[in-house]
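Undergrad: This is a predicted model, with the sequence first.
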Amino acid sequence: MKTVIVVGNGMVGYKFCEKFRAHPANAAFKLIVFGEEPRPAYDRVHLSEYFGNQDAKALELAPASWYSDNNIDLITNERVTDILNETQEVRTISGKSFSYDYLVLATGSAPFVPPIKGVEKEGVFVYRTIEDLEEMLSYAAQIKAIKPDGRAAILGGGLLGLEAGKAVLDMGLEPHVVEFAPKLMPRQLDTRSSNVLQLKLESMGIQIHLGKATNQILGESVIEGMDFGEDDQLDVDMLIISAGIRPRDELGKTCGLDMGTRGGIVVNNKMETSIPNIYAIGEVALYNQMIYGLVAPGYDMANVAANQILGNPEVLMPADIDMSTKLKLMRVDVASFGTPYMPAEKGLSIIYENKTKHLYKRINVSHDGKTLLGGILVGDANDYNILHQMYLNNMSLPENAEELIVGARGDGGSAFGSAMDLPDTAQICSCESISKGKICGSIKEGACNSLKDVIGLTKATTGCGGCKPMVVDLVNETLKSMGKEVKDVICEHFEYTRQELYGIVKVKNIQTFDEALDKCGKGDGCEVCKPALASIFATIYNDTANKEAVIQDSNDRFLANIQRNGSYSVVPRIPGGEITPEKLIVIGEVAKEYNLYTKITGGQRIDLFGAELNDLPAIWKKLIDAGFESGHAYGKSLRTVKSCVGSTWCRYGMDESVSFAIELEDRYKGLRSPHKLKGGVSGCIRECAEARGKDFGVIAVDGGWNLYVCGNGGATPKHAILLAEQIDNETVIKYLDRFLMYYIRTAAPLMRTAAWLDKLEGGIEQLKRIVVDDSLNLAEELEIEMQSLVDKYECEWKQAVECEEMKKRFSHFVNTEERDDNMVFVPMRDQKMPEPWTN
Amino acid sequence: MDSILSEYTSVDPTTVSVWFKACNVNDIPENGGACVKYKNKQIAVYHYKRKQTWYACQNLCPHKMEMVLSRGMLGDADGIAKVACPMHKKTFSLESGENLNGDLPAIAIYPIKIEDGFVYIGFSE
Ligand SMILES: Cc1cc2nc3c(=O)[nH]c(=O)nc-3n(C[C@H](O)[C@H](O)[C@H](O)COP(=O)(O)OP(=O)(O)OC[C@H]3O[C@@H](n4cnc5c(N)ncnc54)[C@H](O)[C@@H]3O)c2cc1C
Ligand code: FES
């Protein structure tokens, strides 16, 4: 049996193992893999997601058990230090030696740290591994604790640098991107597109400094700033270096492999190095005198090397490597493909630019107008996949090539047909090398029946995921062409969209979940369709969550949010954030009696945490007796309508924002919807209530209120958009009734208003036509429906505490009065918190 | 942590030595669940009305080790009865205990029977 040793268990090293073990001739080989990092290979491309969830497991390409299941010896935390090519052995840091027949170097690259004076100071980081991110997170937290308005700079305005900028923003520091070149993403963008991107990023709070050469890092032992010479300095508390990569080629030197002048192990199109039986792949390999800093060419190399070793010498690396990229930076699309920019003698460029909308599109076309040479898209890259395919497959262009970026005149449709027009050879998923023919074939030949099947069988979309929209289109179109219908159905039990189901329930007057299953579903339901139907019932009948408790999401069932250790939170409604001292005292007394953690929320009310299930009815009884009602913090329903003090107290106030906020919150309280709803009312354009960060926001202006809709905060913040201007109170309510009711009727489950508007054909203009101009002749119906929901409102906590049968729901055990002894709290400042999770 | 998990192992109906009288059938909501205590164990009991059956399993979710499964939602996946944890919607087969949407360890399943309006759970200790 021959032995293959792989050095490096990164993305490409892993792909090599996968391709190797999937090959029919693999059984004759032993595979040993060394990885220097403490964990098995993970998805570096999506590394930034770690900032959001800190879930290293979620990034794993395969669990450790995958290696043993596939007969691969994975040795992590062990760096290979020498190659002894005479004896075909490698030696590791712990002094062990291993013999090989074939050696594959997949050692990747390391961040390039420019030799700037002071880069060794504390607070300077690189961005490549999970450990790097962990260090950054804890450092950023330290800074924020002492300096809430701390700043972090990113050295390098390339693809990675901008991603780091977003990470800094997420960590709550003020981001500054410092780039040496006069434009952002110099490899991919021309100057005009860089300007558009810069404007957009600046509008999101990322500051950009171009054409800056950093001379020195300032500060004693800890970074305090950056010096650009000539009295030009930037104060920062942290620096992330993202100034390019250098191949990890140090092993090549130990055995005399041919290397590039600027590093990298030279390979040919078989991935062979200058010494027989030694291969190099991924970011350490210098192919065509280039290091490709992208994962797709690395995956190709892995496939080539595996085939070469396993006796398929005909599998070779192509001469041209596609360097096209598409990414989403904070909801901004940026893409470039082919030759993104070029001088006029090489081709013609068609450019569309709209600075106010932060849009830039450029395509480069051959002089004869027949072929697409490349292009750039900023702000809207919906057409990237298809343009990229046209470029890759040399497809012929429409007569008016500009239609490719400005859309065909007239119907507003797009100039290119669908993904189905591509040739079968078109490579759709470049990470996994899956062609259109393979995807469509898997369905036509009957092997697959759904998107899930196709992904399972071909692995398409499992790499960078950029091809997903095209794969979805191909699967749907192919299924359709075979006469199969495809739609966004709720789940295996209901073959309808939420909107269709809403119609059926209403027309057939279906009242319970079982009745729905019997009349239009199958099976017994699940955690997806049960809450979806509960929400539909609420929309139509406005029954409270008590009516059919077992189909409610857990939080609705117990009328409280379940917390980390199985305890619950209690959130009484405080409309508009206005509360009397007497009521404040009651909250305090209840919290004290039941030892609850209290916190003032962003929605201007008070959350009480750490209540045991058994205590909920008693706690609520006290609150209700004092005049409180449920705050529906647990429901997909109206949360709060936030307000500023308005003209009642504020010397700038134009109108009574508090009174109006209370009126709106009282009107829509208890309204169940596809997702949570938040509102805001500001008394002037200073916007202290942050109304434009809400699903609906009202701002007092000269001559009335401006009404904004479909905004949200959270992970993907979005400003609400103007729906109507200078309208009076009654009109605000009229429009809101129509807008909310229309949203509730038509949105998919768990779709917030912003995402719903994104999907609404015609966008805000269409919404204005429906709500303001009543173009669908629906306004009266919507208003009547909303009024009937408003009239039916009942506080569900009041219902629950007044009914002995309902109260039974709130005991941890049904056979004893004992409490859950697994629930552990630990002290936290002067209060308590759940014991942290350890797994 | 793992030690609480090891307190729960599935009981084969043929090896039951104690039938514990857990509660009245009316204590468990139809098509829903509730929790009973047996010695130091927490057992989730479900009345799966649509299939006219009952299930019992550990109340402990092996994901984050919280005693919450009895508050989960019932349902089926391709006909297999399952429960979805209220914390993160991990789903478990109520027939085999297997985690249906991930690779968490299986949960323990206990034999259950109804007699004279009472729910009995089988243990083998
Ligand atoms: C934040 C970030 C975002 C990115 N985004 C994109 C993107 O959107 N699109 C894209 O195409 N690419 C992206 N990339 C680049 C992509 O991650 C790399 O192209 C890819 O990871 C290269 O794989 P590799 O296996 O060659 O190197 P690596 O993934 O770096 O793996 C090499 C491994 O070898 C180990 N190693 C090194 N020397 C030794 C030794 N002597 N002994 C043992 N082990 C050793 C290293 O510790 C490392 O674990 C991104 C990279 C980063 C950091
Ligand atoms: S604790 Fe059960 S799913 Fe996470």
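TA: All right, it came through fine. Ligands and ions are numbered 1, 2, ... in the order given.

Undergrad: Kindly state the domain boundaries assigned to chain A.
TA: A:2-109+A:247-309, A:124-243, A:418-486, A:498-557, A:560-613+A:813-839 (automatic domain parsing).

Undergrad: can you list the residues of chain A near chain B?
TA: A:63, A:492-493, A:513-514, A:517, A:523-527, A:529-531, A:549-551, A:553-555, A:557-558, A:562, A:564-566, A:808-809, A:812-816, A:818, A:820, A:822-823, A:837-839 (Cβ under 8 Å from any Cβ of the partner chain). C-betas here are computed from N, CA, C, even on glycine.

Undergrad: and those residues, which of them are in strands?
TA: Mapping the residues of chain A next to chain B onto strands (DSSP state E) picks out residue A:562.

Undergrad: rewinding a little: which one of the domains of chain A lies closest to residue B:32?
TA: The minimum distance between residue B:32 and those falls on domain A:498-557, with 3.4 Å, by Cβ to Cβ.

Undergrad: First-to-last residue distance for the closest one?
TA: End-to-end distance for domain A:498-557: 21 Å, by Cα to Cα, to the nearest Å.

Undergrad: Following element in sequence after the worst-scoring helix or strand of chain B on mean pLDDT, please.
TA: The weakest-scoring helix or strand in chain B, judged by mean pLDDT, DSSP states H and E, is helix B:2-5 (a mean of 68). Downstream of helix B:2-5, the first helix or strand assigned by DSSP states H and E is strand B:18-24.

Undergrad: Could you export the domains of chain A as TSV, including mean neighbour count and mean pLDDT?
TA: Converted to TSV, the domains of chain A look like this (neighbours: other Cβ atoms under 10 Å in any protein chain shown; pLDDT from 0 to 100):
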stretch	mean neighbour count	mean pLDDT
domain A:2-109+A:247-309	19	94
domain A:124-243	19	92
domain A:418-486	18	80
domain A:498-557	20	88
domain A:560-613+A:813-839	17	85
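
Undergrad: List the residues that contact residue A:710.
TA: Residues near residue A:710 by Cβ atoms under 8 Å, 6 or more residues apart in numbering or on different chains: A:695, A:718, A:720, A:721, A:753, A:754, A:756, A:757, A:764, A:767.

Undergrad: Take the residues you listed and keep only those in helices.
TA: A:753, A:754, A:756, A:757, A:764, A:767 (DSSP state H).

Undergrad: could you measure the fourth one against residue A:638, distance?
TA: Applying Cβ to Cβ, to the nearest Å, one obtains 18 Å for the distance of residue A:757 from residue A:638.

Undergrad: likewise the second one?
TA: If you measure residue A:754 against residue A:638 using Cβ to Cβ, the figure is 16 Å.

Undergrad: out of those two, which sits in the busier spot?
TA: In terms of neighbours (other Cβ atoms under 10 Å in any protein chain shown), residue A:638 is the more surrounded of residue A:754 and residue A:638; the figures are 25 against 20.

Undergrad: Let me know the pLDDT of that one.
TA: pLDDT for residue A:638: 94.

Undergrad: With residue A:729 instead?
TA: Residue-level confidence at residue A:729 comes out at 93, pLDDT.

Undergrad: Name all residues that make contact with it.
TA: Contact analysis of residue A:729 by Cβ under 8 Å, 6+ apart lists A:660, A:663, A:705.

Undergrad: Tell me what the most centrally placed residue in chain B is bridged to.
TA: With distances taken as Cα atoms, centre = their mean, residue B:57 lies nearest the centre of chain B, 2.0 Å away. In this entry, residue B:57 is beta-bridged to residue B:44, residue B:109, by DSSP bridges.

Undergrad: for it, what are its contacts?
TA: Residue B:57 is in contact with B:43, B:44, B:69, B:83, B:92, B:94, B:97, B:107, B:108, B:109, B:110, counting by Cβ under 8 Å, 6+ apart.

Undergrad: what's the distance between it and residue A:808?
TA: Taken as Cβ to Cβ, the span from residue B:57 to residue A:808 is 21 Å.

Undergrad: Helices of the stretch 651-800 of chain A, start to end?
TA: A:657-668, A:729-746, A:753-759, A:763-771, A:779-791, A:796-801 (DSSP state H, counting those that start in this stretch).

Undergrad: could the ones you listed be laid out in JSON lines, adding distance to ligand 2?
TA: JSON lines is the format used below for the helices of the stretch 651-800 of chain A (distance: least, Cβ to the nearest ligand atom, whole Å):
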{"stretch": "helix A:657-668", "distance to ligand 2": "32"}
{"stretch": "helix A:729-746", "distance to ligand 2": "29"}
{"stretch": "helix A:753-759", "distance to ligand 2": "25"}
{"stretch": "helix A:763-771", "distance to ligand 2": "37"}
{"stretch": "helix A:779-791", "distance to ligand 2": "33"}
{"stretch": "helix A:796-801", "distance to ligand 2": "25"}
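
Undergrad: so which of those helices gets nearest ligand 1?
TA: In terms of Cβ to the nearest ligand atom, the element of the helices of the stretch 651-800 of chain A nearest to ligand 1 is helix A:753-759, at 23.0 Å.

Undergrad: Can you pull the residues of chain B lying near ligand 1?
TA: For chain B, no residues are found near ligand 1 under the criterion Cβ under 6 Å from any ligand atom.

Undergrad: all strands of chain B, in order?
TA: Under DSSP E, chain B gives strands at B:18-24, B:33-38, B:41-48, B:53-58, B:60-61, B:66-67, B:73-77, B:80-84, B:91-93, B:109-110, B:112-115, B:118-123.

Undergrad: Now do the second one, average pLDDT.
TA: Per-region confidence: strand B:33-38 scores 93 on mean pLDDT.

Undergrad: and that strand with ligand 2, contact?
TA: No: counting by Cβ under 6 Å from any ligand atom, ligand 2 is not contacted by strand B:33-38; separation bottoms out at 13.9 Å.

Undergrad: Count the neighbours of the residue of chain B found nearest ligand 1 for me.
TA: Taking Cβ to the nearest ligand atom, ligand 1 has its nearest neighbour within chain B at residue B:103, 23.5 Å off. Number of residues near residue B:103 (other Cβ under 10 Å) recorded here: 8.

Undergrad: Give me the residue ranges of chain B where confidence is low.
TA: Applying pLDDT under 70 to chain B picks out residues B:1-3.

Undergrad: and the contacts of residue A:710, which are buried?
TA: Buried members of the contacts of residue A:710, counted by 16 or more other Cβ atoms under 10 Å in any protein chain shown: A:695, A:718, A:720, A:721, A:753, A:754, A:756, A:757, A:767.

Undergrad: related to what we said a few turns ago, ok, of the contacts of residue A:710, which one's closest to residue A:348?
TA: The shortest approach to residue A:348 among the contacts of residue A:710 belongs to residue A:764, at 35.0 Å (Cβ to Cβ).

Undergrad: Quick one: residues contacting that closest one.
TA: By Cβ under 8 Å, 6+ apart, residue A:764 lies in contact with A:710, A:721, A:723, A:757.

Undergrad: can you pull out the helices in the stretch 101-250 of chain A?
TA: Using DSSP H, counting those that start in this stretch, helices in the stretch 101-250 of chain A cover A:130-146, A:159-170, A:191-203, A:250-255.

Undergrad: Right, I'll call it a day here.
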